[in-house]
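K.L.:
Just a sequence and a predicted model for now, questions to come.
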Amino acid sequence: MNKSDLIDYIATDALITKSEAGRALDAAIHAIRHALQKGNDVHLNGFGTFSVATRAGRTGRNPRTGETVTIAAARVPKFKPGKHLKDAVN
C-alpha cells in the first residue's frame, strides 16, 4: 500500500473526499514529524509508539575501497508496534 492507496482507503472509510483525506494524512504525518523533531514521543493507543533514539558514532568500512571511515552519531526515528497491531498481524 502506498500513500495514494492509503488516502483512497481513508476517504472511503471516513466518508470524506480524497482531497480532505490527503490533507488529514499530511497533517498527521506533519504532527508526528514535528513532535519527533522536538524530542517527544508519539503514543497512538493500539497502534504503537514513535520515538527518537540516539545511535552512537562508530567505525565503518567503505565497501568499494576497504578504507576505514568514521560514522557520526545520529538521532534516528524508531517505531514500536502496539499490542493490537501485533495481534492483528499474527
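P.N.:
Arrived safely, thanks for sending.

K.L.:
Domains in the chain, by residue range?
P.N.:
As recorded under automatic domain parsing, the domains making up the chain are 1-40, 41-90.

K.L.:
With mean pLDDT as extra columns, can I get those domains in CSV?
P.N.:
Below are these laid out as CSV (pLDDT from 0 to 100):
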stretch, mean pLDDT
domain 1-40, 97
domain 41-90, 96
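
K.L.:
With mean neighbour count added, can I get the ones you listed in CSV?
P.N.:
Quick note: C-beta positions are derived from backbone N, CA and C, even for glycine. As requested, the domains of the chain are exported to CSV (neighbours: other C-beta atoms under 10 Å):
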stretch, mean neighbour count
domain 1-40, 12
domain 41-90, 11
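
K.L.:
So which residues make contact with the lengthiest helix in the chain?
P.N.:
In the chain, with assignment by DSSP state H, the single longest helix is helix 18-37. Residues outside helix 18-37 that contact it (C-beta atoms under 8 Å, 6 or more residues apart in numbering): 3, 6-8, 10-11, 14, 16, 41-42, 50-52, 77.

K.L.:
could you redo the last one with a cut-off of 10 Å?
P.N.:
For helix 18-37, contacts defined as C-beta atoms under 10 Å, 6 or more residues apart in numbering pick out 3-4, 6-14, 16-17, 40-42, 44, 50-52, 75-78.

K.L.:
swap in stretch 71-90?
P.N.:
Against stretch 71-90 from outside (C-beta under 10 Å, 6+ apart): 32-33, 36-37, 39, 41-60.

K.L.:
which residue ranges form the helices in the protein?
P.N.:
Going by DSSP H, the chain shows helices at 3-14, 18-37, 83-89.

K.L.:
Now render these as CSV, adding distance to residue 71.
P.N.:
Listed next are these as CSV, based on distance: least, C-beta to C-beta, whole Å:
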stretch, distance to residue 71
helix 3-14, 30
helix 18-37, 21
helix 83-89, 31
